[in-house]
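Novice: Attaching a predicted model along with its sequence, questions to come.
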Amino acid sequence: MQVHLKGRLVPVKEAVVSVFDHGFLYGDGVYETMRVYEGVTFMLDEHLRRLYRSASMIGLTIPLEMDSLKTSIYDTLIANSLKNAFVRLTVSRGHGPIGLDPDLCPEPTIVIIAQELKDYPKSFYEKGISLVIPETKRNLMEALNPRIKSLNFLNNILAKIETKKRGAYEAVMLNVYGKLTEGTISNVFFYKDGILCTPSLECGILDGITRGVVIDLALRDGLGVKEGEFTKEDLYPAAEVFITSTTLELMPVSKVDDQKYAVGNITKLLHKAYREEVNVYVANVKAEGPSLWGYE
Ligand code: PDD
């Protein structure tokens, strides 16, 4: 396996980062996870735009143009002969003496890891997964804005620990005002009274790329969509619940705390539409020419 580290491809054994890297010392950095279908990175521009936005929200300048990052992503995929994969692009503050001051680090560390994507168990999509609402509250927007896709994931990890203790797969965290936010690595949707509902960005969530695609598809299919403030009492009586992320796509939810749900038609319809959207995207990128994705 080859890893893209600081501008070049190196064997995984040599892909090491300094113990003085502020990503390691302080979780100071940002990242993106992308999914690759048939050698094409889905929603690549959107992911990279969000990466630059996250970086700018922490005052981190990425010293490369977007096109250069794109080339490095495809170089990494080609070096590992990967076509159905995920890519993790990390930009940390870089190496510097101990101390919080970002100016201690002259150069960000950029790492691109591409790995084969192991399919999630089929049963997850057929039967759904379980969610819990943990005690851990989502970070306050005013403290550490969840729109920054940062390397500092302890908030999510604490929720994940609770989730595992309760035997569930994913959480839906509340914010300090008791409003639903998002999962540890996913956004959440529920379908109730003919409307597809999802917490608004103002509740303090990551503006998931998959979430955005699903909202657009739902609107295109004539569904009512409401982005708003919801409580767990709004969620429990829903007809259908599902979560979204780049790697999971749309995953049905069969249980939230003690409340049970069937895998419903709206979830199935939207997942089908999502898959079709992926296919169209892949075909369009391929039609632009092989140099874009490096495979023939
Ligand atoms: N997770 N919310 C959180 C907190 C996330 O970490 C993620 C993504 C999402 C969904 O965003 P998107 O649809 O853009 O993937 C929502 C990725 C998969 C990860 O952590 O690797």
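Specialist: Yep, that arrived.

Novice: I'd like to know which elements the longest helix seen in the chain is packed against.
Specialist: Longest helix in the chain, counting residues (DSSP state H): helix 265-287. If you count contacts as 3 or more Cβ pairs under 8 Å, 6 or more residues apart in numbering; DSSP states H and E, helix 265-287 packs onto strand 40-41, helix 209-220, strand 240-245, strand 249-256. Yep, even glycine has a C-beta here, placed from its N, CA and C like the rest.

Novice: For those, give me CSV that also has mean neighbour count.
Specialist: Rendered in CSV, the data for the helices and strands packed on helix 265-287 read as follows (neighbours: other Cβ atoms under 10 Å):
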stretch, mean neighbour count
strand 40-41, 23
helix 209-220, 19
strand 240-245, 26
strand 249-256, 22
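
Novice: quick revisit: ok, residues contacting the longest helix of the chain?
Specialist: Contact with helix 265-287 is made by 37-38, 40, 42-43, 125, 191, 196, 210, 213-214, 217-218, 220-221, 223, 239-240, 242, 249-250, 252, 292-293, as judged by Cβ atoms under 8 Å, 6 or more residues apart in numbering.

Novice: can you check stretch 190-204 too?
Specialist: 138-141, 145-147, 175, 179-182, 187-189, 205, 207, 211, 215, 218, 223-230, 234-235, 237-242, 264, 266-267.

Novice: what's the burial count for the closest residue to the ligand within the stretch 51-200 of the chain?
Specialist: The shortest separation between the stretch 51-200 of the chain and the ligand is 4.0 Å, found at Ile185 (distances taken as Cβ to the nearest ligand atom). Ile185 has 18 neighbours, counted by other Cβ atoms under 10 Å.

Novice: The ligand contacts on the stretch 1-150 of the chain?
Specialist: Selection of the stretch 1-150 of the chain residues close to the ligand by Cβ under 6 Å from any ligand atom yields Thr33.

Novice: show me where the stretch 1-150 of the chain has helices.
Specialist: 22-26, 44-57, 66-79, 122-127 (DSSP state H, counting those that start in this stretch).

Novice: Now render these as JSON lines, adding mean pLDDT and mean neighbour count.
Specialist: Shown next, in JSON lines, are these (pLDDT from 0 to 100; neighbours: other Cβ atoms under 10 Å):
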{"stretch": "helix 22-26", "mean pLDDT": "98", "mean neighbour count": "21"}
{"stretch": "helix 44-57", "mean pLDDT": "98", "mean neighbour count": "18"}
{"stretch": "helix 66-79", "mean pLDDT": "95", "mean neighbour count": "18"}
{"stretch": "helix 122-127", "mean pLDDT": "96", "mean neighbour count": "12"}
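
Novice: Now distance to Ala283 too, for those helices, in a markdown table please.
Specialist: Output for the helices of the stretch 1-150 of the chain, formatted as a markdown table (distance: least, Cβ to Cβ, whole Å):
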| stretch | distance to Ala283 |
| --- | --- |
| helix 22-26 | 37 |
| helix 44-57 | 15 |
| helix 66-79 | 18 |
| helix 122-127 | 23 |
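
Novice: Ok, which of those comes nearest Ala114?
Specialist: helix 66-79 (4.6 Å; Cβ to Cβ).

Novice: Burial check on the closest residue in space to Glu249 that isn't next to it in sequence, number of neighbours?
Specialist: Once flanking residues are discounted, Glu249 sits nearest to Tyr274: 5.7 Å by Cβ to Cβ, 6 or more residues apart in numbering. Neighbours of Tyr274 under the rule other Cβ under 10 Å: 17.

Novice: Numbering from 52 from now on, please.
Specialist: With the count now opening at 52, the last piece we talked about shows up as Tyr325.

Novice: Strands - which of the contacts of stretch 241-255 land there?
Specialist: Among these, the members falling in strands (DSSP state E) are 238-240, 275-279, 291-293.

Novice: Using PyMOL, define a selection of the buried residues within those residues.
Specialist: Buried residues within those, by 16 or more other Cβ atoms under 10 Å, are selected in PyMOL with:
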select buried, resi 238+239+240+291+292+293
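
Novice: Stretch 212-220 near the ligand anywhere?
Specialist: No. Using Cβ under 6 Å from any ligand atom, stretch 212-220 never reaches the ligand; the gap is at least 13.1 Å.

Novice: tell me how far the ends of that stretch are from each other?
Specialist: For stretch 212-220, the first-to-last residue distance is 10 Å (Cα to Cα, to the nearest Å).

Novice: Go through that stretch and flag the buried ones.
Specialist: 213-214, 219-220.

Novice: Which ones among these map onto helices?
Specialist: 213-214.
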